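Trainee: Give me coordinates for this.
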Amino acid sequence: MGTNDYFARRFKALLEEKGVSQYALAKLTGLSRQGLSHLALGRREPSWGTVQLIAAALGVDCTAFADPALELPPQGPAPARGRPRNAGAAGKPGPKKRGEQ
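Mentor: All right, here's what the predicted structure looks like:
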């Protein structure tokens, strides 16, 4: 189950619990009813600003949408950063830079 699915289920449950329609919520938040419908169906992922607007309009804390089953990915060694080293033999000159002869 994805994050969108959890948000969608929680969003629909809070709308029902608070007795607010998507249309009424759209009026309160300035978001489109169609956009709210996409969120309720799990078709779109909300931005942080949208989560805050919805939470404020419903009178809940933003943590009301937090998925308790969410886990951080396993930590391994940090990936190498930057360009890979030249695979040529050690001690050999590398490619000439612009302007070198």
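
Trainee: So, low pLDDT: which residues of this structure?
Mentor: Within the chain, the ranges that satisfy pLDDT under 70 run 1-3, 88-95, 100-101.

Trainee: List the buried residues in stretch 33-44.
Mentor: For stretch 33-44, burial by neighbour count (16 or more other Cβ atoms under 10 Å) applies to Gly35, Leu36, His38, Leu39, Ala40, Gly42, Arg44. (Glycine included, C-beta is placed from N, CA and C.)

Trainee: which stretches of the protein form helices?
Mentor: Assigned by DSSP state H, the helices in the chain fall at 3-18, 22-29, 33-40, 48-58.

Trainee: Nearest to Pro74, out of those helices?
Mentor: helix 3-18 (18.0 Å; Cβ to Cβ).

Trainee: Which strands or helices does the closest one pack on?
Mentor: helix 33-40, helix 48-58 (3 or more Cβ pairs under 8 Å, 6 or more residues apart in numbering; DSSP states H and E).

Trainee: Can you check what angle separates it from helix 22-29?
Mentor: Interaxial angle, helix 3-18 versus helix 22-29 (axes from the mean of the first three to the mean of the last three Cα atoms, to 10 degrees): 90 degrees.

Trainee: With that, I have no additional questions.
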